[in-house]
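[1] okay, sequence plus prediction incoming.
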Amino acid sequence: MAQEEVIPAPLDQADRRILAVLQNQGRLTNQQLAEEVNMSAASCWRRVRSLEERGIIEGYAALLNRKRAGFGLCVFVHITLARHVAVNVREFEAVLQARGEVLECYAIAGGADFLLRVVAPDIESYDRFLEEFVFTLPGIGQVNSSIALREIKFDVALPITGD
């Protein structure tokens with residue numbers, strides 16, 4: 001798949017304020033958001049719509065506590081392909097999209113080809129994920145798992161300042 005060229009959209013101070021507030025308080029009404037960023041509701045609404053249309057705001061979601069939701073295990077998985085055959089890479093990337101326990105997948109440079117962040121209820125569930133899914137994929141050369149012992153920092157907000 002060809003890498004899409006992304007040109008960063010210019011953001012003025014008002015856009016930055018809106019984004020900074022929405023990242024931390026995504027359930028605000030437009031009126032509340034407008035008051036928070038000190039602008040009219042109509043102007044705020046237009047800016048939010050523009051940020052959505054430009055793809056800067058991709059969507060809205062509730063952030064769940066992974067452990068309280070029953071996913072006590074977080075694993076970082078380095079996968080190295082045996083051979084870089086285009087069809088294997090495409091198939092690998094496609095099947096990962098359908099796996100809910102794979103929260104993130106990156107093609108990386110270095111000692112492995114892919115880095116996955118995987119969650120599971122427990123080690124037995126992760127073992128089944130490996131045995132019944134990962135190890136059955138064609139072209140897999142090596143799999144190295146690093147189990148997270150403690151979560152020191154987890155944030156999804158980008159460091160956008162509203163100032």
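    That came through, no problem.
[2] when you work out contacts or count neighbours from here on, use the C-alpha atoms and nothing else.
    Fine.
[3] which SS class is the residue positioned nearest the centre of the chain?
    What sits nearest the mean C-alpha location of the chain, by CA atoms, centre = their mean, is E104, with 5.5 Å. Three-state assignment for E104 (DSSP: H, G, I helix; E, B strand; the rest coil): strand.
[4] you'd agree it is up against V118?
    Yes - between E104 and V118 there is a contact at 7.3 Å, judged by CA atoms under 8 Å.
[5] per-domain residue ranges of the chain.
    Per automatic domain parsing, the structural domains of the chain span 13-53, 73-147.
[6] how distant is the first one from the center of its chain?
    For domain 13-53, the separation from the chain centroid amounts to 22 Å (computed by CA atoms, centre = their mean, to the nearest Å).
[7] which residue sits closest to G26, ignoring its sequence neighbours?
    Spatial nearest neighbour of G26, chain neighbours left out: Y60 (7.1 Å); criterion: CA to CA, 6 or more residues apart in numbering.
[8] now for that neighbour, how many residues are close by?
    10 (other CA atoms under 10 Å).
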